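**Q** have a look at this prediction, sequence included:
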Amino acid sequence: MEKITTRRWARLGAVVGTGALLVGVLAGCSGAAPGADSGSTDTDAALKEDVTLTWWTWSDTTQEQADAISEVYPNVTFDVVKLENPDAVVTKLQNAIKAGKGAPDIVPVEYQTMPQLTLGKALADLTPYGLAEYEDAFTASTWNSVNVQDQLVGLPGDSGPMVMIYNKALYEKAGITEAPTTWDEFATASAAIHAADPEAYIANSGDAGFFTSMIWASGGQPFKTDGENVTIDLQDEGTKKFADFWSDRLNAGELSGLATWSDEWTKALTQDKLGTLLMGSWMISGGMEDYGPAGRFQVAPMPTWDGQPASAENGGSGLSVTSQSEHKAAAAGILKYLAEGDGRALLNANGFPSTIADLENPEWLDAPFPGYSDQPANQVGAASAESVITGWQYLPYQGYANNVFSDSVGKALGSGGDLNEALVAWQDTLVEYGNEQGFSVNK
């Protein structure tokens, strides 16, 4: 099931999060080295020199991409190092930064991890190398994700504007003939599906990545960072709105407790026992072929509170140049190549695009998906990208936050407990941890 494994990690830790080696986000990374390159910011000149760039990755397609780039820039060779997953990349990079040596030139970074690695002095500011000129080429949400603490620390790669993928036949069996457009309609469908088949559920209860994306889509902005000052409010209006709504579904027994991506979760989808996936648009391209015959599923916009478009990102990652790179100009030049044209096509071949031109391309927009009864499903994802709510910030230790989510909110999701009480407990843990790491949290 290689396709599913790759798809899991394409999300940016939307499920598991980067929980590895998070101690000492500030103090523990003091050994960061600026790199020993010439200091030149001329990327064109750098790419004409013989250079070998080390490129860490968790993707199976990076070597193929590197080979294609070398054909365009014959003086550039790549040492592609395949690591197991994003957690492994973060762990190894933070170890290298702490040691003052061993970091690669180019590294993929999940959007949620950009603040953590930026404050840990692991990533180079790409502004001097001319990468800022590509701002208008990218969606606002992905460009915002690679701009941290007034630094441009990455180039957006893929994106994950949320969509609703639903089992049309399961909905119709419960008397629901149209996809819900509001959360009130979603609640009605939820009750109807479970009433029609007590073993069927509209969705599973979710995990940390899902929960934070749903808070975002509900207008919540619980995390704010200004330098080392962090504010956490997991009872702001949007957060509480979603928690109240999801608690009602949970306490009515309408949500499955199956873990996302588990074998049991897959079985429930294939046996018409799980009706809806609320996920990033990266899930569209899979066509849901792994979960049943063609035409079983359809793609619809995310429900909203008032019926007006509102969405969030759920997954995605960019490419960064590390602070230790001795070839920053050349590495930045490669990122420039990957920002547009043939280079961008290499990245878009394996993910949902973050580039506006590609999101507006009629050929891409109108492409039929046999898995969705020839629905031009990219249109739904593209519309979602336009409606992502602005202003979201991740914690500078988001990986840790996702890792300990199961100790509080996760338990409530599993037992039908009070989600708001659990959110307060999660917040208490995050405040304590952040202050221990040298941040000033809620002070």
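**A** On my side now, so go ahead.
**Q** can you list the domain ranges for this structure.
**A** Taking automatic domain parsing as the reference, the chain has its domains at 2-159+316-366, 162-313+371-441.
**Q** could you say which helix or strand contains residue 101?
**A** According to DSSP states H and E, residue 101 maps onto no helix or strand at all.
**Q** residues near it, how many?
**A** Other residues within reach of residue 101, judged by other Cβ atoms under 10 Å, total 10. All C-beta spots, glycine's among them, are computed from the backbone N, C-alpha and C.
**Q** what's the answer for residue 364, then?
**A** Residues lying near residue 364 (other Cβ under 10 Å) number 16.
**Q** equivalent analysis for residue 365, please.
**A** 17.
**Q** contacts only, for it.
**A** If a contact means Cβ atoms under 8 Å, 6 or more residues apart in numbering, then residue 365 has 359, 376, 378-379, 382 as its contacts.
**Q** from those, which land in helices?
**A** Among the contacts of residue 365, the ones falling in helices (DSSP state H) are 359, 378-379, 382.
**Q** quick revisit: now render the domains of the chain as a markdown table, adding mean pLDDT.
**A** As requested, those are arranged in a markdown table below (pLDDT from 0 to 100):
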| stretch | mean pLDDT |
| --- | --- |
| domain 2-159+316-366 | 88 |
| domain 162-313+371-441 | 96 |
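**Q** now residue 311: phi and psi?
**A** As for residue 311, its main-chain torsions (degrees, to the nearest 10) stand at phi -140, psi -180.
**Q** who does it bridge with?
**A** On the basis of DSSP bridges, residue 311 is bridged to residue 388.
**Q** burial of it, as a residue count?
**A** For residue 311, using other Cβ under 10 Å, the count is 26.
**Q** and it, how far from residue 167?
**A** As judged by Cβ to Cβ, to the nearest Å, residue 311 and residue 167 stand 21 Å apart.
**Q** swap in residue 94?
**A** Per Cβ to Cβ, residue 94 is found 41 Å from residue 167.
**Q** hmm, back to that, of the ones in helices among the contacts of residue 365, which is the nearest to residue 270?
**A** Comparing those against residue 270 with Cβ to Cβ places residue 378 closest, at 24.2 Å.
**Q** against residue 377, how distant is the most centrally placed residue in the chain?
**A** A centroid search over the chain (Cα atoms, centre = their mean) returns residue 315, at 1.6 Å, as the residue closest to the centre. For residue 315, the distance to residue 377 equals 17 Å [Cβ to Cβ].
**Q** now do the strands in the stretch 251-400 of the chain.
**A** Taking DSSP state E, counting those that start in this stretch to define them, one finds strands in the stretch 251-400 of the chain at 255-256, 276-280, 297-300, 317-321.
**Q** no no, the stretch 101-250 of the chain
**A** Secondary structure of the stretch 101-250 of the chain by DSSP E, counting those that start in this stretch: the strands cover 106-110, 147-148, 151-152, 155-156, 162-167, 203-204, 223-226, 229-232.
**Q** so which of those strands gets nearest residue 295?
**A** Among the strands of the stretch 101-250 of the chain, the nearest to residue 295 by Cβ to Cβ is strand 162-167 (10.6 Å).
**Q** for the closest one, name the packing helices and strands.
**A** strand 276-280, strand 297-300, helix 378-386 (3 or more Cβ pairs under 8 Å, 6 or more residues apart in numbering; DSSP states H and E).
**Q** what strands line up against it, and which way round?
**A** strand 276-280 (antiparallel), strand 297-300 (antiparallel).
**Q** for residue 301, which non-adjacent residue is closest in space?
**A** residue 380 (5.9 Å; Cβ to Cβ, 6 or more residues apart in numbering).
**Q** that neighbour touches residue 298, doesn't it?
**A** No. In this structure residue 380 lies outside contact range of residue 298 using Cβ atoms under 8 Å: 9.2 Å.
**Q** contact partners for residue 356?
**A** Going by Cβ under 8 Å, 6+ apart, residue 356 touches 136-139.
**Q** what subset of those residues is buried?
**A** 137-139 (16 or more other Cβ atoms under 10 Å).
**Q** quick check: buried residues in stretch 168-187?
**A** Buried positions in stretch 168-187, judged by neighbour count with 16+ other Cβ under 10 Å: 168, 170-171, 173-174, 176, 179-181, 183, 186-187.
**Q** now stretch 246-261
**A** For stretch 246-261, by 16+ other Cβ under 10 Å, it's 246-247, 249-250, 254-256, 258-260.
**Q** check stretch 433-443 too.
**A** 433-434, 437, 439, 441.
**Q** in helices, which of the residues you listed appear?
**A** 433-434.
**Q** follow-up on the earlier one: roughly how far does the residue nearest to residue 301 sit from residue 145?
**A** Distance, residue 380 to residue 145, using Cβ to Cβ: 21 Å.
**Q** and for residue 298?
**A** For residue 298, the distance to residue 145 - Cβ to Cβ - is 29 Å.
**Q** which one's more surrounded, those two?
**A** residue 145 (29 against 21).
**Q** in this structure that one contacts residue 318, no?
**A** Yes. Contact criterion Cβ under 8 Å: residue 145 and residue 318 qualify, at 7.0 Å.
**Q** what touches both of the two?
**A** Joint contacts of residue 145 and residue 318 (Cβ under 8 Å, 6+ apart) are 111, 114, 154, 156.
**Q** so of the residues you listed, which ones are in helices?
**A** In this view, those that belong to helices under DSSP H are residue 114.
**Q** quick check: residue 332 touching residue 321?
**A** Yes. Look at residue 332 against residue 321 with Cβ under 8 Å: they come within range, at 5.6 Å.
**Q** intersection of neighbour lists for the two?
**A** 124, 126.
**Q** higher neighbour count, these two?
**A** Using other Cβ under 10 Å, the more surrounded residue of residue 332 and residue 321 is residue 321, with 31 against 26.
**Q** for residue 133, see how far away the more buried one is.
**A** 16 Å.
**Q** to the chain's geometric centre, what's the distance from stretch 185-203?
**A** Its chain's C-alpha centre and that of stretch 185-203 lie 28 Å apart, by Cα atoms, centre = their mean, to the nearest Å.
**Q** go ahead and name everything in contact with that stretch.
**A** Contacts with stretch 185-203, where a contact means Cβ under 8 Å, 6+ apart, come from 170-171, 173-176, 180, 245, 248-249, 252-256, 268, 272-278, 303.
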